[in-house]
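Colleague: Structure of the sequence below:
(one chain, ligands or ions: 1)
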Amino acid sequence: MRFETLAIHADGGPDPGSGAVAPPLHLSTTFVHGPASEPLHGHLYVREGSPTQVRLEVALAALEGGERALAFASGMAAAAALLQALPAGGRVVFHRDLYHGVRALALERLPRWGLAAEFADLADPAAARAALGPGTALVWLETPTNPRLEIVDLAAVAALARAAGASLVVDGTFATPALQRPLELGADVVLHSTTKYLGGHSDVQGGALVFRRPGALAERVEELRKELGGVASPFNSWLVLRGLRTLACRMERHSANALALARALAGHPRLAAVLYPGLPGHPGHATAARQMSAFGGMLSLRVAGGRTAALAVAARLELFTLATSLGGVESLVEHRASAEGPGSTTPDDLLRLSVGLEHPDDLAADLARALDSLPS
Ligand code: PLP
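Modeller: Modelled structure (predicted):
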């Protein structure tokens, strides 16, 4: 089955008990068991697993082409569980540009968990080869990255990771499986903040890990999820399931809108750069064209005139709402250095746009007006 079909049918179809066409929502926290706590219907207690969450996991595994998925309360809960599952003493190599919450985990928590964190430019083949030597336990990357929209060659880094005996985890939040399926290119685990495009409507928080194969790592992560309680709630699982059904067509439109804006803005005299992998001048364009079916809905602008000019543009936008997060139907803008705070590695002139599903001409007009009205 093709992705569009799977996105609608992968979660198991109509409910056999009731005939309900839409997925049922089971809010129960506890499930009838036998006298010696034998599960009679597959579930015992919500923190360990519940029907709507499992339905979401079946769908996510199918959409990524993996054999096992685990749904979490947030993307960060998924990230933390995966890192905590690694044996102490290991070394984790992160691509240099990544979600700042994960960077903070790497810098502040990993040492306490007995793990060493290193950063490298995995988009540069020589730097990637040098960084992924023996002794690497895990390689962690986003592509496209948050917020610089850098592109990493998934097949190439997967081969290097395999040669080093390391697992490769790809945070696929920006691309979603509608546009890119890292497991098919050799990754071992895909991570999502389902808060973003998979939910798709800025009304649910969630995370997920999808494993190419079940095994010791997936089991340890599931154990940690049970112990620490980071599992996705039934209602949030249901909202993400609903989002998955429209994911393919939303991603098509997000990508078309972002590409239209990137083309309209490229070369604008008030911009130092338009960061979008769909533009032929982007250093990762050829790789992105190979490993993605479209370039996604995230776009960053570097505003000529630095921080002051970037903040002025953000304040002048009307259709782009000033808010954090991404992946919803409405367009958002954010000055990432301000959002990330002290320790941010994001340039001060960068605005990140989450391009929504509005008409692209209206979005382009909003941006043109905000840029053109900057004092000279
Ligand atoms: N990964 C990426 C790429 C993100 O952008 C985010 C959040 O913005 C996360 C992970 C963390 O997800 P959550 O906010 O659901 O914990």
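Colleague: chain center to stretch 262-274, what's the gap?
Modeller: With C-alpha atoms, centre = their mean, to the nearest Å as the basis, the distance from the averaged C-alpha position of stretch 262-274 to the chain average is 26 Å.
Colleague: Now do that stretch: everything it contacts.
Modeller: Applying C-beta atoms under 8 Å, 6 or more residues apart in numbering, the external contacts of stretch 262-274 come out as 276, 278-279, 281, 299-305, 309, 313, 349, 364, 367-368, 371-372, 374. Where you see a C-beta, it was placed from the backbone N, CA and C, and this is true even at glycine.
Colleague: Same check on stretch 248-255?
Modeller: For stretch 248-255, the surrounding residues in contact (C-beta under 8 Å, 6+ apart) are 3-4, 7, 176, 178-179, 197, 200, 278, 294-297, 329, 355-357.
Colleague: Only the buried residues of that stretch, if you could.
Modeller: Neighbour counts using 16 or more other C-beta atoms under 10 Å place Ala248, Arg250, Met251, Glu252, Arg253, His254, Ser255 of stretch 248-255 among the buried residues.
Colleague: Can I get that stretch in CSV, CA atoms only?
Modeller: The C-alpha trace of stretch 248-255 is given here as CSV (Å, rounded to 0.1, in the frame of the first residue of the first chain):
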residue,chain,number,x,y,z
ALA,A,248,-0.3,13.1,3.5
CYS,A,249,-2.4,15.9,2.1
ARG,A,250,-1.4,18.4,4.8
MET,A,251,2.3,17.8,4.1
GLU,A,252,1.8,18.2,0.4
ARG,A,253,0.2,21.7,1.0
HIS,A,254,2.7,22.7,3.7
SER,A,255,5.5,21.9,1.3
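Colleague: Burial check on the residue in the stretch 51-200 of the chain that the ligand sits nearest to, number of neighbours?
Modeller: Per C-beta to the nearest ligand atom, the residue of the stretch 51-200 of the chain with the smallest distance to the ligand is Gly75, at 2.3 Å. By the other C-beta atoms under 10 Å criterion, the neighbourhood of Gly75 contains 24 residues.
Colleague: And the strands in the stretch 101-250 of the chain?
Modeller: Assigned strands in the stretch 101-250 of the chain, in chain order: 116-120, 136-142, 167-171, 189-193, 207-211 (criterion: DSSP state E, counting those that start in this stretch).
Colleague: now the ones you listed as CSV including mean neighbour count, distance to the ligand and mean pLDDT?
Modeller: Rendered in CSV, the data for these read as follows (neighbours: other C-beta atoms under 10 Å; distance: least, C-beta to the nearest ligand atom, whole Å; pLDDT from 0 to 100):
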stretch, mean neighbour count, distance to the ligand, mean pLDDT
strand 116-120, 17, 16, 97
strand 136-142, 24, 5, 98
strand 167-171, 27, 5, 98
strand 189-193, 28, 3, 99
strand 207-211, 29, 5, 99
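Colleague: Understood, closing this out.
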